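*Asks:* got a predicted structure here, sequence first:
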Amino acid sequence: MLRKLYDWVIDLAGSRHAPLALAIVSFAESSCFPIPPDVMLAPMVLAKPQRAYLFAGICTIASVLGGLLGYAIGVWLAPLGHTILGLFGHPQGQEEFHQWFAQWGVWIILIKGLTPIPYKLVTITAGLARFDLFTFVWASIVTRGARFFLSATLLKYFGPGIRAEVERRLGLYSAIFATLLVGAVVALKVVG
């Protein structure tokens, strides 16, 4: 089943609908969707490395626009924001992240936007904390752009070798990824 899903994503990544799907996933991930855009970006760059920076740009723009939706949820739909934070393991997210924003400010956006930690946690809580919108937008552009353009560059230049290795050991890398993901969630629970 994993092989079929992988092949389907690779086929979609090479289709004419891939940029739209990438934009939708990138937009939705910044406010409510659980799957990061890297799941689409990586196979798209592997399928068409000459368009790597176009795909990274689509990810960045759609992610920042989705981040504005997450921010708006925090500002105007606080109960929904609390529900989303609760679903991602932060039921007292507003207090926790409000303290982080008060102490660290823009660094929260810059650091968390680069990591695999769900960006929606940053966007919604930035709205809940009424963090400065202008600073939120420029920091989101910088951090999301850095993440997606770095990923696209690495995949563009080293992707074919990476792709062959991943295809050869798909089960092993899926297990490693799942372990790292569970470890990150546990670390967030311990820190939070």
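*Replies:* Perfect, I can see it now. Numbering: from 1, shown residues only.
*Asks:* which stretches of the protein form helices?
*Replies:* 2-13, 18-29, 38-47, 52-76, 78-87, 93-104, 106-114, 119-128, 133-168, 170-191 (DSSP state H).
*Asks:* now the fifth one: mean pLDDT?
*Replies:* Across helix 78-87, pLDDT averages out at 72.
*Asks:* L46 and G159 touch, don't they?
*Replies:* Yes. Taking contacts as Cβ atoms under 8 Å, L46 lies within contact range of G159: 4.8 Å. Quick note: C-beta positions are derived from backbone N, CA and C, even for glycine.
*Asks:* does G127 touch Y71 like I think?
*Replies:* Yes. G127 is within contact range of Y71, at 4.0 Å (criterion: Cβ under 8 Å).
*Asks:* point out where this protein drops to low pLDDT.
*Replies:* 1-10, 85-98, 100-101, 104-106, 108, 110-117, 162-192 (pLDDT under 70).
*Asks:* repeat that with 80
*Replies:* 1-14, 32-36, 39, 78-118, 120-121, 159-192 (pLDDT under 80).
*Asks:* and stretch 25-41, which residues are buried?
*Replies:* 25-33, 36-38, 40-41 (16 or more other Cβ atoms under 10 Å).
*Asks:* how long is stretch 24-36 end to end?
*Replies:* 11 Å (Cα to Cα, to the nearest Å).
*Asks:* same check, this time on stretch 36-55
*Replies:* End to end - Cα to Cα - stretch 36-55 spans 14 Å.
*Asks:* contacts for that stretch?
*Replies:* 9-10, 12-14, 18-19, 21-22, 25-26, 29, 56, 59, 62-63, 116, 118, 148-149, 151-153, 155-156, 159-160, 162-163 (Cβ atoms under 8 Å, 6 or more residues apart in numbering).
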